[in-house]
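Visitor: Model the structure of this input:
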Amino acid sequence: MTAHRKKQVAIIGAGAAGLMAADRLSSERPDLAITLYDAMPSPARKILMAGKSGLNISHQSGIDAPERFLARYGKAAGFMGPMLDRFGTAELITWMEGLGQTLFVGSSGRLFPSTMKASPLLRSLLTRLDGRGVALCARHRWSGWDNDGALLFATPQGQKAVRADATLLSLGGPSWPRLGTDGDFVDVLQARGLAMRAFRPANCGFDANWPEAFAEQWAGQPVKSVRLSFGDNEVTGDFIITRHGIEGGPVYGLSASLRDAIEQDGQATLLIDLRPNQSDDQLAAKMSRPRGKQSLSNHLRKTIHLQGLQAALVKALVDRETMQDPQKLARSLKALPLPLVRTRPMAEAISTAGGVALDALDASLMVRSQPGLFVAGEMLDWEAPTGGYLLTACLSQGRWAADGIASYLA
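Guide: So this is what the prediction gives:
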């Protein structure tokens, strides 16, 4: 008798979505032959890089306030809703505990592994996949399909053709290209007829036209305990002055709307509240005290503690007439206007927007025009802020795609 051939599943891209898909499939469908392909010498390089400063894997609001958690996905909330219902923060915690990794709640509700690092989680997951027979092929850069529909890979030994009964593409977005996610797949997929949205930076810094002396002196320094606002959105925290402009958590939280406004209008004006715990009137009253022979800068330092970087920021952004009027200056301190002229390059961005159009996929993340081809993760056209939302979504999508592959191959 001829031995029964296992159906072959190729998962291309061993990042968050790809690894989760392999874990789910190998658990639920041991009858499948699953192979993970990655272009780099080792898997999950973006996860490891993110974990250097603490792997923020999810957010407590996914348990305490799931509607608020879902709203952080903006226009993609409807897309993400069913997937997070099936595998959200609570399920992610259980999954990590099954890998021997406990979590703790950090500042602002962010969830981290107790070790803070990504490497223990990754080692445990790769060990489990290996024990289930999942093959990992490193240094395999996918380049498309041959004329017979086989997957093509560039490897150190030359080109390789692989036949698969189902394929998951989880290639990531083109931020951090040195980690392997360079976006080369765009031309391949467009030639195949897939609708693509142009990639754009997300969770990124912005350029501002700083005076040269200001940038020289203050680049790399934090502006602490402020409130940033743009349109109807506001965030609090610390942001960083760079030689080119600004970056940091609160900036990333507003980056999508700032980026869209710059694309439409050529610039966007970010408002900085340097004294979020004081009102205009309180500030004006303090600054209206007689200053005698003191310089204005010394007067502001003594009355409202405006000094150092914050004082330099005000000097760079406020005109002389406003500086001399306590009422006008108070209003400026509560809404200091900083014009932003462009996003930083996509290679510097934490994540991306754009990619494969969501309407090109069916409800299982399978490409409508190509049965057996699934897509998940950051290479899809959605975005989310930092704070655990990105990683939770990629893992949830990987699991959802795995269930779609299982159903397709049933």
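
Visitor: Quick one: residues contacting residue 408.
Guide: Applying C-beta atoms under 8 Å, 6 or more residues apart in numbering, we find residue 408 in contact with 166, 364, 366, 371, 372. Glycine gets a C-beta too; all of them are placed from N, C-alpha and C.

Visitor: which non-adjacent residue is nearest the fourth one?
Guide: Distances taken as C-beta to C-beta, 6 or more residues apart in numbering place residue 408 nearest to residue 371, at 7.3 Å, with adjacent residues excluded.

Visitor: Quickly find the element holding the one you found.
Guide: Per DSSP states H and E: residue 408 is located in helix 389-409.

Visitor: Quick one: mean pLDDT over that helix.
Guide: Helix 389-409 carries an average pLDDT of 98.

Visitor: Please tell me how far the residue nearest to residue 371 sits from residue 367.
Guide: From residue 408 over to residue 367 the distance is 11 Å, taken as C-beta to C-beta, to the nearest Å.

Visitor: and if you look at residue 384?
Guide: Residue 384 is 22 Å from residue 367, by C-beta to C-beta.

Visitor: Also residue 266?
Guide: 36 Å.

Visitor: neighbour count winner among these two?
Guide: Between residue 266 and residue 367, residue 367 has the larger neighbour count (other C-beta atoms under 10 Å), namely 21 against 10.

Visitor: tell me the domain ranges of this structure?
Guide: 8-201+352-409, 206-343 (automatic domain parsing).

Visitor: Can you give the distance from the shortest one to the centre of its chain?
Guide: When C-alpha coordinates are averaged (C-alpha atoms, centre = their mean, to the nearest Å), domain 206-343 and its chain have centres 26 Å apart.

Visitor: what mean pLDDT does that domain have?
Guide: 96.

Visitor: mind checking the end-to-end distance for it?
Guide: 4 Å (C-alpha to C-alpha, to the nearest Å).

Visitor: How about the first one?
Guide: Between the start and the finish of domain 8-201+352-409 there is a gap of 10 Å, counting by C-alpha to C-alpha.

Visitor: Can you give the distance of it from its chain's centre?
Guide: Put simply, domain 8-201+352-409 sits 13 Å off its chain's centre (C-alpha atoms, centre = their mean).

Visitor: Tell me who's in contact with the closest residue to residue 18 other than its chain neighbours.
Guide: Residue nearest to residue 18 in three dimensions, not counting chain neighbours: residue 170, with 3.9 Å by C-beta to C-beta, 6+ apart. When contacts are counted by C-beta under 8 Å, 6+ apart, residue 170 touches 11-13, 15-18, 21, 375-377, 379, 398, 401.

Visitor: Could you do residue 169 as well?
Guide: Shown in contact with residue 169 (C-beta under 8 Å, 6+ apart): 12, 13, 142, 185, 373, 374, 375, 376, 379.

Visitor: rerun that using 7 Å as the cut-off
Guide: Counting by C-beta atoms under 7 Å, 6 or more residues apart in numbering, residue 169 touches 12, 13, 375, 379.

Visitor: The helix or strand where residue 234 lies packs against which elements?
Guide: Residue 234 belongs to strand 233-241 when assigned by DSSP H and E. Other helices and strands packing on strand 233-241, by 3 or more C-beta pairs under 7 Å, 6 or more residues apart in numbering; DSSP states H and E, are strand 222-230, strand 245-247, helix 249-253.
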